[in-house]
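[1] Build me a model from this:
(chains A and B)
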2 protein chains.
Amino acid sequence: MEVNKGKGEPGLQNPAKQMDKPVHLHAVESMLPKAVKRRVHALKRLQVQCGNIEAKFYEEVHELERKYAALYRPFYDKRRDFITGTVEPTDAECEWNSDKDEEEELSEQIKKKIVIDPAKKEDATPMEDPKGIPDFWLTIFRNADMLTDMIQEHDEPILKHLKDIQVKFSEPGQPMSFTLEFHFEPNSYFNNAVLTKVYKMKSEPDSSEPFSFEGPEIVDCGGCVIDWHKGKDVTVKTIKKKQKHKGRGTVRTVTKQVSNPSFFNFFNPVKAPPDGGEMDEDSELAFDFEIGHFFRERIIPRAVLYFTGEAMEDDESFDEELEESDEEQDEEEDEDDDDDDDEEGDFDPRA
Amino acid sequence: MEVNKGKGEPGLQNPAKQMDKPVHLHAVESMLPKAVKRRVHALKRLQVQCGNIEAKFYEEVHELERKYAALYRPFYDKRRDFITGTVEPTDAECEWNSDKDEEEELSEQIKKKIVIDPAKKEDATPMEDPKGIPDFWLTIFRNADMLTDMIQEHDEPILKHLKDIQVKFSEPGQPMSFTLEFHFEPNSYFNNAVLTKVYKMKSEPDSSEPFSFEGPEIVDCGGCVIDWHKGKDVTVKTIKKKQKHKGRGTVRTVTKQVSNPSFFNFFNPVKAPPDGGEMDEDSELAFDFEIGHFFRERIIPRAVLYFTGEAMEDDESFDEELEESDEEQDEEEDEDDDDDDDEEGDFDPRA
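    Next comes the predicted model:
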């Protein structure tokens, strides 16, 4: 039997639903005889002590993950070199007996099922002998349900320059965190060789609610400044607007910069609530945390399977989040309209 | 922010949905130029090697769990002693400042919301000074969504004798598994002091589908023989049926034993398919695996929070399973009817 393909790596929670605490059940406790209630409180004290032991357990798991990251490293470096074409695998390194029958069966099903959009078709048509594996990471972004809605058409030519995605774990003794590194080859869009996104974790029980701890949780994240070449920043767009002066009816055209949907907004995340308190599950930030977790647990360790489609998940829980992000765009547009109204005010009659 | 309270302990997957492999994505691979396909195969070989490293990682996590199980043990033993009343906690051990305002607010909400069924009310009415924490585990079975539908009214007096639930991990070098131990005080129902349920795990990649490995999976389980006292076995019931002979119209009454819904059927699980292949997610066995995982990850480590209701989860995914188990009961009844038909055949006219 196979169970849960979408699981998280040990030591980090796979972001998902919060626990419900049905109020009426507290009644059981409040109605207990004094002597029994006293013993229940003793159990709660034991529970808190176990929670502190649990925190140590997760620290050791984090250490294990650091240890194994070093063991995976040489394989991931080889992967990067094969992808970029800087190293050509030997025949021995390429031995792979894919099931013939399956392939035939597949091509049958493909005839029936597959619908390739123009972009995909382009990639699919054989070339003479391309370098490495063209559009490796871009294809993954297109394939993975969780990422495909993050990328816009104008992101694709940039993502063609993505060489590798790596995860780095925080050092022992440091506050627990992990950093996603997006390594790019020199390109005409920005100067950064690496774009980073750090995810900070709460790794021990909160004294205010000791029972809510169930292992490290992502509590905050930070991006990086992208040093865009002039006019190449896809995260903003300049729009022209005709404006009619209410009084005189004269018309002028104004240009203004507004934020533009793009994967690269991923490196300029919204801030977490300082109180570190509960967060709306459907919030943009909660979605960002899910994405960070997804890169760490799924994309980086299993990239080739997302490239071929073998690892594709059909994650229901994501549909909600995606709808949510649509709403955000609507809001943005509303804001633009507001801006225009303001400008009406300081409209220069000399225009 | 809090994410996913229902997560599994590191090193064991929280049973859930299987991964979908959309066929059309394999098309990408099949349409690649030969040279590129060759490099993708090299990546797949690297992926297999990483999978073998990953298996070692999970073995180390399992070792960590064994190590920490020993650290939790003294706290769990204390918990058991306070619950059974063999040890009375000191005042220092009972210090707990529950938020007064919250308690008042709660009792308000209780007046509005709470609906206590007769059974619960009985437990809730204060007694003089009961021993330990009466019905501790039974209350948990009643509170936890995943367990409440497993227990029948006739199970409850038996579960009142449950002293402790423990999990034991397999020794290093042994095939990976964990065993749930249900410790009972001497009772009038069966002779066993401990009822056990073992869950066997697949802890390394399957050479036939190396990419399906994502950490240890429960693949099989085994129960134990319950040495019931005469006439106390609640997993079977004796039913009397009037039967009319079709030919003569004579009527007789037959008694027969049929299986009876009971939590204690948990110790007589159905067998896993020998091929170890894919299993129907909604199957009785898949449900059993979820229950085993739930005891290990939720109930045993957080028992007091399920007793008070503070840990209660509102797990949608379970509604399906529970409906499923209802269906099973229907099927059983159908079977009974079949049996009767058979008996019509060998009906003894001398009766």
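
[2] so where does A:Val40 fall, helix or strand?
    In the assignment (DSSP states H and E), A:Val40 maps to helix A:34-84.

[3] Restrict the following helix or strand past that helix to CA atoms and write it as PDB.
    Where DSSP H and E defines the elements, the next helix or strand beyond helix A:34-84 is helix A:91-94. Extracted in PDB, the C-alpha atoms of helix A:91-94 (Å, rounded to 0.1, in the frame of the first residue of the first chain):
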ATOM      1  CA  ASP A  91      27.000   5.800 -21.000                       C
ATOM      2  CA  ALA A  92      27.200   3.900 -17.700                       C
ATOM      3  CA  GLU A  93      25.600   7.000 -15.900                       C
ATOM      4  CA  CYS A  94      22.700   7.000 -18.400                       C
END
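
[4] residue ranges with poor pLDDT in chain A?
    A:1-28, A:98-128, A:275-282, A:313-351 (pLDDT under 70).

[5] If we use 90, what do you get?
    Judged by pLDDT under 90, chain A has its weakly predicted residues at A:1-31, A:97-129, A:145, A:173, A:207-209, A:212, A:214, A:238-257, A:269-285, A:310-351.

[6] circling back to that earlier point, any idea of the angle the helix holding A:Val40 forms with helix B:34-84?
    170 degrees (axes from the mean of the first three to the mean of the last three C-alpha atoms, to 10 degrees).

[7] packing partners for helix A:34-84?
    With contacts taken as 3 or more C-beta pairs under 8 Å, 6 or more residues apart in numbering or on different chains; DSSP states H and E, helix A:34-84 sits against strand A:162-169, helix B:34-84, helix B:91-94, helix B:303-308. Heads up, the C-betas are built off the backbone N, CA and C, glycines and all.

[8] Which of those sits closest to B:Lys230?
    Nearest to B:Lys230, of all the helices and strands packed on helix A:34-84, is helix B:34-84, at 27.3 Å by C-beta to C-beta.

[9] pretty sure A:Arg39 is touching B:Pro89, no?
    Yes - counting by C-beta atoms under 8 Å, B:Pro89 is a contact partner of A:Arg39 at 6.0 Å.

[10] what about these two, which has more around it?
    Higher neighbour count among A:Arg39 and B:Pro89: A:Arg39, with 25 against 19, using other C-beta atoms under 10 Å in any protein chain shown.

[11] phi, psi of A:Gln152?
    phi -110, psi 160 (degrees, to the nearest 10).

[12] Pull the contacting residues for it.
    A:234, A:260-263 (C-beta atoms under 8 Å, 6 or more residues apart in numbering or on different chains).

[13] can you tell me which of these are in helices?
    Secondary structure from DSSP state H places none of the contacts of A:Gln152 in helices.

[14] Quick check: the two most widely separated of the residues you listed?
    A:Asn260 and A:Phe263 (11.1 Å).

[15] More neighbours: those two, which one.
    A:Phe263 (21 against 17).

[16] before we move on, the earlier item: for B:His229, which of the helices and strands packed on helix A:34-84 is the nearest?
    For those, proximity to B:His229 was assessed by C-beta to C-beta; helix B:34-84 is nearest, at 21.9 Å.

[17] and the angle for the closest one with strand B:162-169?
    150 degrees.

[18] okay, now A:Ala208: neighbour count?
    Not quite, residue A:208 is Ser, not Ala. Quick note: A:Ser208 (other C-beta under 10 Å) scores 8 neighbours.

[19] er, A:Lys237 I mean
    By other C-beta under 10 Å, the residues close to A:Lys237 number 14.

[20] Three-state assignment for it, please.
    Three-state call for A:Lys237 (DSSP: H, G, I helix; E, B strand; the rest coil): strand.

[21] just the one 5 residues further on next, same as before
    The local conformation at A:Lys242, judged by three-state DSSP, is strand.

[22] same deal with the one 5 residues further on?
    For A:Gly247, the assignment made with three-state DSSP gives coil.

[23] list residues touching both of A:Arg39 and B:Pro89?
    Shared contacts of A:Arg39 and B:Pro89 (C-beta under 8 Å, 6+ apart): B:Phe82.

[24] you'd agree A:Leu180 is up against A:Gly292?
    Yes - A:Leu180 is within contact range of A:Gly292, at 6.4 Å (criterion: C-beta under 8 Å).

[25] Let me see the ranges of the strands in the stretch 151-300 of chain A.
    A:162-169, A:177-184, A:194-202, A:217-222, A:236-244, A:251-259 (DSSP state E, counting those that start in this stretch).

[26] could I get those as CSV with distance to B:Lys241?
    Converted to CSV, the strands of the stretch 151-300 of chain A look like this (distance: least, C-beta to C-beta, whole Å):
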stretch, distance to B:Lys241
strand A:162-169, 65
strand A:177-184, 65
strand A:194-202, 61
strand A:217-222, 58
strand A:236-244, 78
strand A:251-259, 75
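
[27] Identify whichever of those strands lies nearest to chain B.
    Of all those, it is strand A:217-222 that lies closest to chain B, at 5.5 Å by C-beta to the nearest C-beta.

[28] Which neighbours in the sheet does that closest one have, and how are they oriented?
    Its sheet considered, strand A:217-222 pairs with strand A:194-202 (antiparallel) by DSSP bridges.

[29] now the strand it pairs with against strand A:177-184, angle please.
    Using the same axes, to 10 degrees: strand A:194-202 against strand A:177-184 is 170 degrees.

[30] pull the CA atoms of strand A:194-202 into PDB?
    What follows is strand A:194-202, C-alpha atoms only, in PDB (Å, rounded to 0.1, in the frame of the first residue of the first chain):
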ATOM      1  CA  VAL A 194      21.700  33.900  -6.700                       C
ATOM      2  CA  LEU A 195      18.300  34.900  -5.500                       C
ATOM      3  CA  THR A 196      17.500  33.800  -1.900                       C
ATOM      4  CA  LYS A 197      14.400  33.300   0.200                       C
ATOM      5  CA  VAL A 198      14.900  32.500   3.900                       C
ATOM      6  CA  TYR A 199      12.200  30.700   6.000                       C
ATOM      7  CA  LYS A 200      12.500  31.200   9.800                       C
ATOM      8  CA  MET A 201      11.000  28.500  12.000                       C
ATOM      9  CA  LYS A 202       9.700  28.300  15.600                       C
END
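
[31] hmm, who's touching that strand?
    A:12, A:175-184, A:213, A:216-224, A:226, A:264, A:266-267, A:269, A:276, A:289, A:292-293, A:296.
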